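> Quick one, what's the 3D model for this:
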Amino acid sequence: MVAFNDLGTTIVTDPELELAVQRFLFDEALCLDDRRWSDWLAHYAEDAVFIMPTWANNSQLTTDPDEEVQLIYLASRAEMEDRVFRIESGTSMASTPAARTCHLVTNVMTTQIETFSVKARANWAVHTLTQAKRYLRSGYYNYILRREGNHLQIINKHVTLLDHRIEGPIDIYNV
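Numbering: from 1, shown residues only. Model (predicted):
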């Protein structure tokens, strides 16, 4: 079902799907906080892309990962698995020792529903505590989720970090 708010913005409504998407995204965040890497990876399709662009200027993000700098660009689940391997094995200096995190995901909104996919957006804030410092980062996520029956998988996660100046490490678990 599609409705419009007072501003003319399209709002997709399917209460059961909306709840399923919210729970799915909350679970993804919880997997990161609990460092359940295999469970986190299970949220992603084999052809998934995880991207976090940089700010090209004060109002525009970079758009071409092949030509422009990205804060994070993992072009497949295999690349995500490699990143997780480095975190788990201790070969990632930026992740050793592992930071504690608390993901706050809010304002989850399903923006488009198609037969085999769903687009969703959510706001986020992540508290990260390392041995040396505390960080609070925030922004918003844009997702494209693949639907197969009652099962959802992420095929694209686009992370927008509001900060244009970055202090401390940035990795998949603290955004």
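> tell me which helix or strand of this protein sits lowest on mean pLDDT?
Within the chain, no helix or strand scores below strand 2-4, which has a mean of 54 by mean pLDDT, DSSP states H and E.
> Identify the spatial nearest neighbour of residue 31, chain neighbours not counted.
Nearest residue to residue 31 in three dimensions, chain neighbours excluded: residue 40, at 3.8 Å (Cβ to Cβ, 6 or more residues apart in numbering). From N, CA and C alone the C-beta is placed, and that goes for glycine too.
> in a strand, that's where the one you found is, yeah?
No - counting by DSSP: H, G, I helix; E, B strand; the rest coil, residue 40 falls outside a strand, being helix.
> Tell me where the model's unsure across the chain.
Across the chain, the stretches falling below the confidence threshold (pLDDT under 70) are 1-13, 91-97.
> Pairing partners for residue 136 in the sheet, please.
As for beta bridges, residue 136 partners with residue 127 under DSSP bridges.
> if I pick it, what's in contact with it?
For residue 136, the residues meeting the contact criterion (Cβ atoms under 8 Å, 6 or more residues apart in numbering) are 125-128.
> Quick one: neighbours of residue 119, just the number.
The burial metric for residue 119, expressed as a neighbour count using other Cβ atoms under 10 Å, is 17.
> Look up the residues forming beta bridges with it.
When residue 119 is checked against DSSP bridges, its beta-bridge partners turn out to be residue 112, residue 144.
> Out of the contacts of residue 136, which comes closest to residue 107?
Proximity to residue 107 was ranked across the contacts of residue 136 by Cβ to Cβ; first place goes to residue 125, at 11.0 Å.
> distance of the closest one from residue 65?
Note on residue 125: its distance to residue 65, by Cβ to Cβ, to the nearest Å, is 25 Å.
> In this structure residue 71 contacts residue 166, no?
Yes - taking contact to mean Cβ atoms under 8 Å, the distance of 7.5 Å between residue 71 and residue 166 places them in contact.
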